[in-house]
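Asker: below: sequence and its predicted model.
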Amino acid sequence: MKSLHFLLFSLLLLFTSLDSSNTSQADEAGVSAKGKKPNVVLIYIDDLGYGDIGSYGCKDIPTPNIDQLAAEGVRCTASYITNPPCCPSRCSLMMGQYGQRFGKYGMSRGLPIPSDRPTIANFLQGEGYVTGQIGKWDIGTRKQGPLVTGFTKVARNPPKKTYTKQELSELPPTLAAAVKRKGRKSKYFCVNKSGETMWLTDYDGDMMTEFVETYKNEPFFLYWSPEAVHSPSIESPESFMKRTTAKGKRRKLAGAIVSVDDQVGKLIKALKKNNLRESTLVIFSSDNGANGSEGGSSAPYTGGKGAGTQKEGWVRVPTIFSMPGTLPEGKQFNGLVANFDFYSTAASLVGAKKPDHCDGVDLIPYLRGDATGDPHEYLFWLNNEPGDAERRHLIATRWKDWRLYKKYEKDAWQLFNLVSDPREETNVAEGYPQIVREMAAQHAAWKKTLAPLGKISQVSGQTKVIPTGHGWASDTKASKQQPAQ
């Protein structure tokens with residue numbers, strides 16, 4: 001009898017051990033104990049400044065929901081856009097690499113993204129994910145919309161509100177003039193399926209909630225890139241603005257940011273309702289720095305979109321990674337990261353090997369504290385497209401506390417210590433010639449690895465990048481690009 005008991009006990013230990021091993025292996029491969037891979041939500045705000053949300057020191061615009069992401073995750077203090085602004089930033093994000101790898105050295109709007117390597121959406125679709133896109137695109141050619149670059153579900157663009165002549169006469173003169181220039185079409189008010197007028201950002205938030213509810217039982221990747229808070233924010237409703245203490249022209253921008261925060265709140269609520277909060281990585285970031293003409297803040301740094309594009313504020317953005325139970329909560333990470341790291345991090349999270357073309361790093365070990373130091377020893381910039389606006393020209397290197405930059409090749413390098421001089425007021429290049437030489441040499445070596453300047457394709461016809469209407473458009477072909485061999 002004792003022998004029988006011992007045998008049964010041994011078998012029980014064996015099965016327990018096997019089950020524990022299988023669970024561990026599944027977790028390591030990006031699969032939860034329930035057998036479902038983790039979800040990824042990527043939120044990419046337009047022109048949101050480093051100093052424009054509460055968790056990054058903003059005092060006049062309440063952002064409790066974005067701050068909750070930071071409290072339940074990791075706030076990155078040195079997160080960069082290496083291909084600013086809007087269009088190149090998004091192309092780099094979607095491809096997971098420097099835009100110069102495929103010939104993008106400036107705005108180059110209409111330059112194709114590569115078809116010989118997968119976008120992040122292509123990649124995750126290949127891993128069994130439902131891939132959803134909501135909002136602004138501004139990537140590749142007009143024939144490279146989200147439905148042909150890996151997204152299987154795309155929110156249709158709702159019709160914009162048309163102001164009546166009576167409404168136009170009742171608007172403040174500045175707003176009325178702006179609306180007239182657009183043929184009485186609103187930028188930020190749309191018409192929903194019921195015929196009601198809505199703030200576009202609010203509409204997007206409802207679509208996010210709908211997507212989560214619809215695909216809660218499947219692994220999903222959701223990319224929300226709203227029009228907000230791109231200028232002009234002149235239509236911001238008083239109901240949003242009065243929730244802030246912002247003054248002057250910043251008050252309009254503040255209202256737009258409050259609405260963005262509301263949508264983050266809707267997302268968190270939908271994830272919690274469906275028990276998905278701990279199985280969903282939420283990445284929150286911006287496509288470039290603050291727009292000073294709207295009153296945006298890059299504090300404690302200077303510069304931003306428009307004026308000051310050679311300064312730190314144009315390229316350093318707020319970035320939060322939030323996934324309770326997987327990532328620490330309430331942590332600050334100071335290492336150098338870039339938006340192309342999002343692709344590599346998502347690949348690792350779902351238990352897959354990132355494609356060879358990716359320049360990014362898996363940030364999970366760094367965010368957890370398992371790895372130390374900077375994910376990137378150096379980061380580089382080379383905005384020198386001949387036809388681009390002169391204000392956007394930038395040649396730069398980041399290394400440790402240092403920032404080396406110049407506007408044109410013919411210019412002398414300028415060097416700043418961003419810890420002791422975050423506003424970049426004292427050029428110390430003459431005092432540290434060895435650091436200048438080393439950082440310049442690293443930039444020159446990186447430059448040799450890049451593709452030549454790309455050629456913008458001429459696309460005939462009026463191809464709709466994103467279908468208009470209400471609800472969702474679907475990719476019936478389920479595009480599956482493969483990486484180059």
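Answerer: The structure has been received and is ready for your questions. Residues are numbered from 1 along each chain as shown.
Asker: use CA for all of it now, contacts and neighbours both
Answerer: Will do.
Asker: show me where this protein has its helices.
Answerer: Ranges of helices in the chain, per DSSP state H, are 2-28, 64-71, 86-95, 120-126, 165-170, 173-181, 200-214, 238-241, 250-273, 341-349, 364-368, 433-447.
Asker: so for Pro158, which of those helices sits nearest?
Answerer: Minimum separation from Pro158 across these (CA to CA) falls at helix 200-214, 8.4 Å.
Asker: circling back to that earlier point, lowest average pLDDT across the helices of the chain?
Answerer: Of all the helices of the chain, the minimum mean pLDDT falls on helix 2-28 (a mean of 42).
Asker: export the helices of the chain to CSV and tack on distance to Pro328 and mean neighbour count?
Answerer: Listed next are these as CSV, based on distance: least, CA to CA, whole Å; neighbours: other CA atoms under 10 Å:
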stretch, distance to Pro328, mean neighbour count
helix 2-28, 17, 12
helix 64-71, 9, 21
helix 86-95, 24, 26
helix 120-126, 24, 25
helix 165-170, 50, 11
helix 173-181, 45, 14
helix 200-214, 24, 20
helix 238-241, 32, 15
helix 250-273, 17, 22
helix 341-349, 15, 23
helix 364-368, 6, 18
helix 433-447, 33, 15
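Asker: just put these in a markdown table and tack on distance to Trp413.
Answerer: Output for these, formatted as a markdown table (distance: least, CA to CA, whole Å):
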| stretch | distance to Trp413 |
| --- | --- |
| helix 2-28 | 45 |
| helix 64-71 | 36 |
| helix 86-95 | 24 |
| helix 120-126 | 35 |
| helix 165-170 | 51 |
| helix 173-181 | 41 |
| helix 200-214 | 42 |
| helix 238-241 | 42 |
| helix 250-273 | 34 |
| helix 341-349 | 27 |
| helix 364-368 | 31 |
| helix 433-447 | 7 |
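Asker: among those, which is nearest Val148?
Answerer: Among the helices of the chain, helix 120-126 sits nearest to Val148 (CA to CA), with 9.2 Å.
Asker: list the contacts of the residue lying closest to Tyr215 once chain neighbours are set aside.
Answerer: Among residues not flanking Tyr215 along the chain, Val130 sits closest, at 7.6 Å (CA to CA, 6 or more residues apart in numbering). Val130 is in contact with 151-153, 215, 218-221, counting by CA atoms under 8 Å, 6 or more residues apart in numbering.
Asker: quick check: of those, which lies closest to Met241?
Answerer: For those, the closest approach to Met241 (CA to CA) belongs to Phe221, at 32.0 Å.
Asker: is it correct that the closest one is in contact with Tyr129?
Answerer: Yes - using CA atoms under 8 Å, Phe221 makes contact with Tyr129 at a distance of 6.4 Å.
Asker: can you flag the buried ones in the contacts of Val130?
Answerer: Buried subset of the contacts of Val130 (neighbour count, 16 or more other CA atoms under 10 Å): 151-153, 219-221.
Asker: Ser55 is in contact with Lys331, correct?
Answerer: No - counting by CA under 8 Å, Lys331 does not reach Ser55; the two are 11.3 Å apart.
Asker: between these two, what contacts are shared?
Answerer: Common neighbours of Lys331 and Ser55 (CA under 8 Å, 6+ apart) are Ala70.
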